[in-house]
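Q: sharing a model that was predicted from the sequence below.
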Amino acid sequence: MSIEPIGFIVLLLGVLSMLNGARFAITALCLSTLFGAAAALQLPALGGSSIQPSHLLVLFLVMTALLRPVQTQAMLASIAYPGPGFWFACYILFSVVSSFFLPRIFAGATLVYSSARDATGMMSTVAAPLAPGSSNLSQSVYLLGDLACFAVVAGFARLGYARFIARQLIVASIVCFAFAIIDLATFQIGQPHLLDIIRNANYTMHTAETIHGFKRIVGPFPEASSYGAVALAYFAFTLMLWLERVQGRLAGLATLLIGPTIVLCTSTTAYVAGAFIVCMFLLFCLKRLIGGPATTPHMTFLAITLFFIPCAVIALSLIPDAWDSIAGLLTTTVSDKLQSQSGEERTAWNTLALIAFVDTATFGAGLGTVRASSFIAALLSNVGLTGTLLFVAFVYSLVRASGRYTFGDRETHAIGNAAVMASIAQIGSAAISGSGTDLGLLFSTSAGLAAGCLAGPYVPNRRPLEASASFMRAPMGSAR
């Protein structure tokens, strides 16, 4: 194991998190999820695997909660039945168990695409007979980290940190925008190596690609689709907060900044998932307009999406050069995507993944065994029908909790709804181009925030000695 320079910074932040408590730990975690192309640790013994800063910080996040009994209780309560955390825990624990047994039970039963590293340590996708591999262990560790992150964030939210977590996510979205600008600037001046310090993971980096003259924005991530998925999650979160007038100025600024970068990143995933999310917001605003109470932000969003954007498209169509550039970009990224070499490869991955699902009698090949190009295909082929149903139960319970919320104030409810929308945006992006079943720590953070806000405040149990002392102090004859 080797520690990268950025790893020492992460270790320092982890120690400071344990000393300073929840607020510092939350801030460090939210910002660390932006460094998707960075490696804090390199593990040559596991084929050159890279440990991202956010995954390393999760260990310190958990220790921060464990050092404080009330936070530990809230963390454990967040995964209790019948809340969303219970189903998320069941899904992850089932997935981890499947990673050990299923690849051995169905070894050689089908042909699968799986991730492998070449002699240089770079990741590649190869087709081979189903067999256990190092990715079974690594994916299990990642999913357990997701569960720990979810539980801690949900526990913090129930203890009154929801507003603070929301603010840190808004700040993270602005920082994400700043990285996008830096990415464009370093490319234009011919100095992209200036970001190499945060692009040191053993991933294939697509940081200098262009389409029809447009630089594909990658920011601190290895490719445009990764940036687009994260930016869309932040956009959904901040837009909902702005619509509900929660931290409205900061949320509105973040929405205004991060939104255009989703269009400019030229990611097919971001375009398709973004269209779905915008339609959801349209329905939400129309529901408020019809059933009330609609606010000025709701009316503004409807005016922009239903009037100003169509007018802008019509105006651009009158400028031949601009229209040809935009039409060419959309044709390349959307219409011609399936016919491209990348599209054909990803179609082959999904086809073989679904064949593996059938060949394993719907049990799946085990977590980390099959690589796909859609989160849905990855779920079915890796954890089978049972794991897929457990994940569906988790999403259903999260959305249902949002619709039946009866605790706390309006602001907490709005933050919970914003986190649900951010989680749905990430699931939508992964359903289009996700290669595995790990949705990442940003998803765990947003889903944990949603679960914590919608579960209501947590009332810690008094310690036995405190309860006994209270009993002894009570006057004779008083109610106990």
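A: Yep, it's here. Numbering: from 1, shown residues only.

Q: state the distance from Glu344 to Ala378.
A: Noted for Glu344: a distance of 18 Å to Ala378, by Cβ to Cβ, to the nearest Å. Backbone N, C-alpha and C define where each C-beta goes, glycine included.

Q: quick one, which of the two is more surrounded?
A: Between Glu344 and Ala378, counted using other Cβ atoms under 10 Å, Ala378 has the larger neighbour count: 27 against 11.

Q: which residues touch that one?
A: Contact partners of Ala378, counting by Cβ atoms under 8 Å, 6 or more residues apart in numbering, are 353, 370-372, 434-437.

Q: and Leu111, by the same measure?
A: For Leu111, the set of contacting residues under the criterion of Cβ under 8 Å, 6+ apart consists of 127-130, 352, 355-356.

Q: tell me which two of those sit farthest apart.
A: Spatial extent of those (Cβ to Cβ) is set by the pair Ala128 and Ile355 at 14.0 Å.

Q: where in the chain is pLDDT low?
A: With pLDDT under 70 as the threshold, the chain has low-confidence stretches at 44-48, 115-124, 322, 329, 333-341, 405-408, 461-480.

Q: which helix runs longest in it?
A: helix 375-403 (DSSP state H).

Q: in it, what counts as buried?
A: The neighbour-count criterion (16 or more other Cβ atoms under 10 Å) identifies 375-384, 386-388, 390-391, 393-395, 397-399, 401-402 as the buried residues of helix 375-403.

Q: repeat that for stretch 274-282.
A: Across stretch 274-282, burial judged by 16+ other Cβ under 10 Å covers 274, 276-278, 280-281.

Q: same check on stretch 131-143?
A: Result for stretch 131-143 [16+ other Cβ under 10 Å]: buried residues 132-143.

Q: identify, from the residues you listed, the entry nearest to Leu184.
A: Sorting the buried residues of stretch 131-143 by how near they are to Leu184, with Cβ to Cβ, puts Tyr142 at the top with 30.4 Å.

Q: what is the burial count for the closest residue to the closest one other than its chain neighbours?
A: Using Cβ to Cβ, 6 or more residues apart in numbering and skipping the chain neighbours, the partner closest in space to Tyr142 is Asp438 (4.8 Å). Close neighbours of Asp438, defined as other Cβ under 10 Å, add up to 24.

Q: contacts for stretch 281-299?
A: By Cβ under 8 Å, 6+ apart, the residues outside stretch 281-299 that reach it are 236, 239-240, 242-245, 248, 252, 301-302, 305-306, 421.

Q: could you flag which of those residues are buried?
A: Neighbour-count burial (16+ other Cβ under 10 Å) is assigned, among those, to 236, 239-240, 242-245, 252, 301-302, 421.

Q: if you look at the residues you listed, which of them are in helices?
A: Among these, the members falling in helices are 236, 239-240, 242-243, 252, 301-302, 421 (criterion: DSSP H).

Q: how many neighbours does Gly434 have?
A: 25.

Q: right, and it touches Asn382 too?
A: No - with contact taken as Cβ atoms under 8 Å, Gly434 and Asn382 are classed as non-touching, separated by 11.4 Å.

Q: for the nearest residue to Ser98 once chain neighbours are set aside, which three-state class applies?
A: Once flanking residues are discounted, Ser98 sits nearest to Gly366: 4.8 Å by Cβ to Cβ, 6+ apart. Here Gly366 is coil, with the state taken from DSSP: H, G, I helix; E, B strand; the rest coil.
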